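K.L.:
this is the structure alone, sequence omitted:
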């Protein structure tokens, strides 16, 4: 196993988790009091847990965590807020749709991470209680739920007359 490449790969995903968590929190705060907001309450907790699982794996493997990459993930999410959304200021239906698409991309990347690690699990040591099978199932469930909310957001954002 190439420990250097594994270190880079895990830190890239950790940076993505930092950005994804910030995106989920922002989306949640913009949708409080709705069924989407309730879903995002749970998703934020799950993303925090998934990020924690990844951090514990990195630690368990004795690999360094890249603070620079984590900061970059945070900054990229902040920069992603600067975009046209059909309004001069504020949140719009298009903002919601694009945030959900960003979360969808992030959760799919996380699923790819867990599946990749599952392929090499016999050659790496995982922390006690660390279950790639559970992490894979949770990511798949998150994708299903995001798809439903995405459909609703697409209807709201794209099918209304201006």
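P.N.:
It's in. Predicted model, so just to flag it, every value in this text is computed and none were measured. Numbers count the residues shown, from 1 in each chain.

K.L.:
and the host helix or strand of residue 103, how far out from the chain's middle?
P.N.:
Secondary structure from DSSP states H and E places residue 103 in helix 93-120. Mean-position distance between helix 93-120 and its chain equals 5 Å (CA atoms, centre = their mean, to the nearest Å).

K.L.:
pretty sure residue 108 contacts residue 143?
P.N.:
Yes: Residue 108 is in contact with residue 143 according to CB atoms under 8 Å; the separation is 6.5 Å. The way it works is simple: take the backbone N, C-alpha and C, and place the C-beta from them, glycine included.

K.L.:
pull the helix or strand with minimum mean pLDDT from this protein.
P.N.:
Lowest on mean pLDDT, DSSP states H and E among the helices and strands of the chain sits helix 67-79, with a mean of 71.

K.L.:
what is the burial count for the nearest residue to residue 96 once chain neighbours are set aside?
P.N.:
Setting aside the residues directly before and after it, residue 96 is nearest to residue 153 in space (CB to CB, 6 or more residues apart in numbering), at 4.8 Å. Other residues within reach of residue 153 by the criterion other CB atoms under 10 Å amount to 22.

K.L.:
ok now the helix or strand encompassing residue 153, how far from the chain's centre?
P.N.:
Using DSSP H and E, residue 153 sits within helix 132-158. Computed by CA atoms, centre = their mean, the separation of helix 132-158 from the middle of its chain amounts to 11 Å.

K.L.:
next, the angle from that helix to helix 93-120.
P.N.:
Counting by axes from the mean of the first three to the mean of the last three CA atoms, to 10 degrees, helix 132-158 points 160 degrees away from the direction of helix 93-120.
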